[in-house]
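Enquirer: Below are the sequence and a predicted model; questions follow.
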Amino acid sequence: MKWLKFSLILNLLLIPVAVIYVVKKLQFYTDMKKDAEQHAYQKKNPNSYWKAREEIYDVMPGKQNSIVFMGNSLVDNCDWSELFDKPIINRGLAGDTMDGMLRRVDQVIKFKPTKIFLLACANDLPGNYTNLDTIYNKYKRLVARIKSGDPQCKIHIISELPRSDFAPASRLVVPLNKKLVQLSKEENTAFINVYDNLASNDGRLNRSFSYDGLHMNGEGYMVMKKVIEPYVN
């Protein structure tokens with residue numbers, strides 16, 4: 001009888017915990033669905049900047065034997081040539097995804113860069129929240145395309161950055177980076193871990209390095225520079 005009472009009390013105590021857990025899980029997937037829908041809309045309805053930038057990259061000749069940074073807004077927002085005081089070509093495109101980079105990678109490999117730095121996944125995390133393997137497989141295809149078009153190019157995979165916004169997606173950054181480490185080993189490319197230098201103790205992006213919880217400010221890019229510079233030189 002005592003055990004029955006104890007069991008009933010324990011179950012009553014656990015019910016609120018279970019309810020809170022379920023509510024949080026539902027909120028997690030609701031938030032992720034909203035993020036996925038937002039990115040799907042942006043993909044189908046690119047703004048004028050995105051369209052203009054991609055078309056400009058189509059006609060730009062580039063420069064043979066150069067260094068290229070390719071990715072999304074985290075690449076697009078920075079003047080890498082000035083940051084490193086080297087002739088670096090920027091092929092960042094705000095809002096771009098892995099699909100977009102697969103579509104436009106020929107814009108880069110046509111001028112045979114000696115090095116390419118990829119910072120690529122920020123806009124894919126929300127849309128692929130149930131399957132990180134999807135991002136991994138697309139990234140693997142991107143690396144293969146670069147290798148086939150420019151076998152001498154040294155490929156550098158920059159880790160996904162921590163973030164303090166998009167709370168559900170931020171939980172996927174660490175497991176994604178583990179997959180990128182695995183990819184770099186399989187494909188014999190360099191992996192550059194900028195995550196550790198940008199994250200605070202709780203694993204989120206240190207707010208002093210960002211103006212919105214996702215994109216870097218000047219101080220953030222200077223931190224990234226220290227980590228990436230040995231690979232650029």
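Expert: That came in fine, so what should we check first?

Enquirer: Tell me where this structure is predicted with low confidence.
Expert: Of all residues in the chain, those with pLDDT under 70 make up the ranges 1-47, 126-130, 165-168.

Enquirer: Which stretches in it count as strands?
Expert: Chain-ordered strands for the chain, with DSSP state E as the definition, fall at 67-71, 88-92, 115-119, 154-158, 190-192.

Enquirer: who touches the closest residue to V105 other than its chain neighbours in this structure?
Expert: Leaving aside its chain neighbours, V105 sits nearest to R145 (5.0 Å; criterion: C-beta to C-beta, 6 or more residues apart in numbering). Using the backbone N, CA and C atoms, a C-beta is placed for each residue, glycine as well. For R145, the contacting residues are 102, 105-106, 109, taking C-beta atoms under 8 Å, 6 or more residues apart in numbering as the criterion.

Enquirer: now, which of those lie within helices?
Expert: In helices, defined here by DSSP state H, the members of the contacts of R145 are 102, 106, 109.

Enquirer: out of everything not next to it in sequence, what's closest to the second one?
Expert: Closest residue to D106 apart from its sequence neighbours, by C-beta to C-beta, 6+ apart: G149 at 7.0 Å.

Enquirer: Equivalent analysis for the last one, please.
Expert: Closest residue in space to I109, ignoring its immediate chain neighbours: G149 at 3.5 Å, by C-beta to C-beta, 6+ apart.

Enquirer: Surely that neighbour is in contact with Q107?
Expert: No. Under the criterion of C-beta atoms under 8 Å, G149 lies out of contact with Q107, with a separation of 10.8 Å.

Enquirer: Just want to know which of those two has more residues nearby.
Expert: The residue with more neighbours, out of G149 and Q107, is Q107; 20 against 14, by other C-beta atoms under 10 Å.

Enquirer: and the closest residue to M60 other than its chain neighbours, what does it touch?
Expert: Nearest non-adjacent residue to M60, counting by C-beta to C-beta, 6+ apart: Q107, 7.6 Å away. If you count contacts by C-beta under 8 Å, 6+ apart, Q107 has them with 57-58, 60, 62, 91.

Enquirer: And for the closest residue to Y211 other than its chain neighbours, the neighbour number?
Expert: Spatial nearest neighbour of Y211, chain neighbours left out: N217 (4.8 Å); criterion: C-beta to C-beta, 6+ apart. Residues within reach of N217, counting by other C-beta under 10 Å, total 14.

Enquirer: Around P61, count how many other residues there are.
Expert: Taking other C-beta under 10 Å as the criterion, the count of residues near P61 is 7.

Enquirer: what do you get for N77?
Expert: By the measure other C-beta under 10 Å, the count of residues near N77 is 14.

Enquirer: next one: L180
Expert: 25.

Enquirer: Also H156?
Expert: Applying the criterion other C-beta under 10 Å, we find 20 residues in the vicinity of H156.

Enquirer: gap between it and F191?
Expert: 8 Å (C-beta to C-beta, to the nearest Å).

Enquirer: right, and L172 touches L125 too?
Expert: Yes. Look at L172 against L125 with C-beta under 8 Å: they come within range, at 5.4 Å.

Enquirer: Compare the two and say which is more crowded by neighbours.
Expert: Neighbour comparison, L172 and L125: the larger count goes to L125, with 25 against 20 (by other C-beta under 10 Å).
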